[in-house]
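[1] Please find the sequence and the predicted model below.
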Amino acid sequence: MQDEVAELARRRGFLWQAFEVYGGAAGFYDYGPLGALLKRRVEAAWREFYLREGFYEVETPTVAPRAVFEASGHLESFSDQAVVCRQCRNFFRVAEREEVGEGQRCPECGGELEDAGEFNLMFQTRIGVPRGGGGRGAGGDEKEERRKSEGYLRPETAQGIFLNFPRLLRFNRGKLPFGAFQIGKAYRNEISPRKSLIRLREFTMAEAEVFVDPAEKEKHPRFAAVKEKRLRLVPSAEGEGKGEEKGEGKREGKGGEEGEGGRGGEEKGEEKSVSVEEAVRSGVVANEFLGYHIARVEEFLVEGLGIPRERLKFRQHRGDEMAHYATDCWDAEFFSERYGWMEIVGVADRGDYDLSAHSLSGGGAGTPNVIEPSYGIDRIVYALLESSFYEEQVGKEKRKVLRFKKEVAPVRAAVLPLLKREELKKKARAVFQELRAAGMFVEYDESGSIGRRYRRQDEIGTPFCVTVDYETLEDDTVTVRERDTMKQVRVVVGEVKNVVKLFRDF
RNA sequence: GCGCCGGUAGUGUAGCCUGGUAUCACAGAGGCUUGCCAAGCCCCUAACCCGGGUUCAAAUCCCGGCCGGCGCACCA
């Protein structure tokens, strides 16, 4: 069933395997013409959403010098060798210098260990040419030089914002809280990228970093706007909420525990549907800031993009699955019929981890904390494709339709002459030009029968079809056909732009 | 990364076991027809993942690679 979405996405130019002419490479996709439109619409909606929140956008490099990730903890967190136990399949990191001998035994069950390879999720590169050309046989100084020229592709967009914290604080005239966001590419050299857009090696993230005085986390100035909102929450089983002491211990304790326990919410805490206010008051969600942003995430996904509310829930990370920088984290998970529950957004409380790590407390009293809604744009695009896809019986035919919310639909409308007669084509082209001139991205299509063209537009999720017939030539009205209901209304050409409203109530 | 299975026009497939360069459908281009939901007719375009081996001959058999699916592991 879901493979049909993938098939449609390929056939209609949403999503293509990248580098196909050279045999492909796992974990990379090309967005075709419609996919790129869809993705841009998601990004645009996201940008607008956080601008309305009062945040400013920044853009920072995708490559950064080694020192950045030394400080951020990313280098340490995943550049070790790894071994896996043949018996119990437990996964262990081996400190860099230690022997990864086949002879060593599994500390859990005593089984034989096998080399699981380099565990390094960051792509390494070089920035400029190191003195000595990076050649071998370099002496101590040259080694140092080379180390300095080492660069990595960022595994998250966030670091670029943290590094600018002092400047951003000045930009905001010294006042907390404030937020900054960024949309951009991030890179992780995944061991086995799989599942369509869900695990990519290059992907687009949209991250907002909210800086707040830790003393003010309990009170969000606009909390009232979200407090009634009901959320489907799955708290982690291990005791309610706050991971206050986790921050420190995390950096060392990355031993063998890592590999245990399934992902995707197996070990469930109890799922509950509560208002944001109740969640915060009862301590299920640690503070108002976190609660506020969780609520906003849901609002964006549901009201902004049209992801069905019943296919979303928020699941809290267990201590052992949290990133090294997080003290608390709630994932927005989307239910995929194909892949099960999957993370599409993470809302993390990063505490003061990052600003402290970079020694950028900003000079004020205490180090600000960071609340971070972090969106996986590609995963959201996948969620939209899957949840919008419907197949229905219409007469003897099956109709495939992508029911995108009209705000994200790649093509806004199609203008079609009822028949391929010159006078109709001429008028239809004029209507088409008019809509284009009005700034709507519309298509024109005169090939085949009218029914065929309607279905073609259904498949790519175009919300409206504007049809020019003989009546148009007399009174300048057209029919506007709505995608989901297939109903039509007659509209004066000049009104087509506003027709959207006519269909809102269907 | 490991194991199992797979890779044929744009898409979905037949052929593979039993070697002799390929079936069908849909889609697409053009034409005829067509007064509102994938109608019909004509014509055209279009494929054996890559490399090596066996053979007179490889889509077909063997090996390797790449990619995909599933399971395990991993997903900071």
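    In hand now; what should we look at? Residues are numbered from 1 along each chain as shown, chains lettered A, B, ... in the order given.

[2] Tell me which residues of stretch A:302-313 come out buried.
    Of all the residues in stretch A:302-313, those buried under the rule 16 or more other Cβ atoms under 10 Å are A:302, A:304-307, A:311-313. Backbone N, C-alpha and C define where each C-beta goes, glycine included.

[3] Looking at those, which are in strands?
    A:312-313 (DSSP state E).

[4] same for RNA strand B: which of the buried residues of stretch A:302-313 are within range?
    Among the buried residues of stretch A:302-313, proximity to RNA strand B is found for none (Cβ under 7 Å from any atom of the strand).

[5] Quick one: the buried residues of stretch A:302-313 as JSON lines, columns for distance to A:L38 too.
    Below are those laid out as JSON lines (distance: Cβ to Cβ, whole Å):
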{"residue": "A:V302", "distance to A:L38": "18"}
{"residue": "A:G304", "distance to A:L38": "14"}
{"residue": "A:L305", "distance to A:L38": "10"}
{"residue": "A:G306", "distance to A:L38": "12"}
{"residue": "A:I307", "distance to A:L38": "13"}
{"residue": "A:R311", "distance to A:L38": "18"}
{"residue": "A:L312", "distance to A:L38": "19"}
{"residue": "A:K313", "distance to A:L38": "24"}
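
[6] Specify which member of the buried residues of stretch A:302-313 is nearest to RNA strand B.
    Nearest to RNA strand B among the buried residues of stretch A:302-313: A:K313, at 17.3 Å, using Cβ to the nearest atom of the strand.

[7] what sits opposite the residue nearest to the closest one when sequence neighbours are not counted in the beta ladder?
    Leaving aside its sequence neighbours, A:K313 sits nearest to A:R232 (Cβ to Cβ, 6 or more residues apart in numbering; 4.2 Å). Beta bridges link A:R232 to A:S273, judged by DSSP bridges.

[8] you'd agree A:R232 is up against A:R315?
    No - judged on Cβ atoms under 8 Å, A:R232 makes no contact with A:R315 at a distance of 9.3 Å.

[9] Relative to A:G351, how far out is A:S336?
    Distance, A:S336 to A:G351, by Cβ to Cβ, to the nearest Å: 31 Å.

[10] So which of these two has more stuff around it?
    A:G351 (23 against 20; other Cβ atoms under 10 Å).

[11] got a list of what the more buried one touches?
    A:G351 sits next to A:214, A:247, A:325-327, A:369-370 when contact means Cβ atoms under 8 Å, 6 or more residues apart in numbering.

[12] Repeat that for A:E216.
    Counting by Cβ under 8 Å, 6+ apart, A:E216 makes contact with A:176-177, A:289.

[13] In a markdown table, list those residues along with neighbour count and pLDDT.
    Shown next, in a markdown table, are the contacts of A:E216 (neighbours: other Cβ atoms under 10 Å; pLDDT from 0 to 100):
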| residue | neighbour count | pLDDT |
| --- | --- | --- |
| A:L176 | 17 | 95 |
| A:P177 | 18 | 96 |
| A:F289 | 26 | 97 |
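
[14] now, which of those residues sits nearest RNA strand B?
    Of the contacts of A:E216, the one sitting nearest to RNA strand B (Cβ to the nearest atom of the strand) turns out to be A:F289, at 21.4 Å.

[15] So the closest one is in contact with A:I371, correct?
    Yes - counting by Cβ under 8 Å, A:F289 touches A:I371, with 5.0 Å between them.

[16] Please identify every residue contacting each of those two.
    With Cβ under 8 Å, 6+ apart as the test, A:F289 and A:I371 both reach A:210, A:212, A:217.

[17] of the residues you listed, closest to A:F404?
    Comparing those against A:F404 with Cβ to Cβ places A:V210 closest, at 29.5 Å.

[18] Let's verify that closest one: helix, strand, or coil?
    strand (DSSP: H, G, I helix; E, B strand; the rest coil).

[19] So for A:R232 and A:R315, which sits in the more crowded spot?
    Counted by other Cβ under 10 Å, A:R232 and A:R315 do not tie: A:R315 has more neighbours, with 22 against 16.

[20] out of the shared contacts of A:F289 and A:I371, who's near RNA strand B?
    Within those, nothing lies near RNA strand B by Cβ under 7 Å from any atom of the strand.

[21] how about TSV for these, with neighbour count added?
    Formatted as TSV, the shared contacts of A:F289 and A:I371 follow (neighbours: other Cβ atoms under 10 Å):
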residue	neighbour count
A:V210	26
A:V212	21
A:K217	18
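
[22] Looking at those residues, which is nearest RNA strand B?
    Taking the shared contacts of A:F289 and A:I371 together and measuring to RNA strand B by Cβ to the nearest atom of the strand, the closest member is A:V210, at 18.1 Å.

[23] Domain-wise, how is chain A divided?
    As assigned by automatic domain parsing, chain A contains the domains A:3-62+A:154-243+A:269-387, A:411-503.

[24] Pick the most deeply packed of the ones you listed.
    Counting by mean count of other Cβ atoms under 10 Å, domain A:3-62+A:154-243+A:269-387 has the highest mean neighbour count of these, with a mean of 19.

[25] For that one, measure first residue to last.
    13 Å (Cα to Cα, to the nearest Å).

[26] State the mean pLDDT of stretch A:211-231.
    When pLDDT is averaged over stretch A:211-231, the result is 97.

[27] could you dump that stretch to CSV, C-alpha only?
    Written as CSV, here are the backbone C-alpha positions of stretch A:211-231 (Å, rounded to 0.1, in the frame of the first residue of the first chain):
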residue,chain,number,x,y,z
PHE,A,211,17.7,31.1,24.8
VAL,A,212,16.2,31.6,28.2
ASP,A,213,17.3,32.5,31.7
PRO,A,214,17.0,29.2,33.6
ALA,A,215,15.2,31.1,36.4
GLU,A,216,12.5,32.0,33.8
LYS,A,217,11.9,28.6,32.3
GLU,A,218,8.9,28.1,34.5
LYS,A,219,7.1,31.0,33.1
HIS,A,220,6.6,31.5,29.3
PRO,A,221,5.2,34.9,28.5
ARG,A,222,2.7,33.5,26.0
PHE,A,223,1.9,30.3,27.8
ALA,A,224,-1.8,31.3,28.0
ALA,A,225,-2.1,31.0,24.2
VAL,A,226,-1.3,27.2,24.3
LYS,A,227,-2.3,26.0,27.7
GLU,A,228,-5.7,24.6,26.7
LYS,A,229,-4.3,22.6,23.9
ARG,A,230,-4.5,18.9,24.4
LEU,A,231,-1.5,16.8,23.7
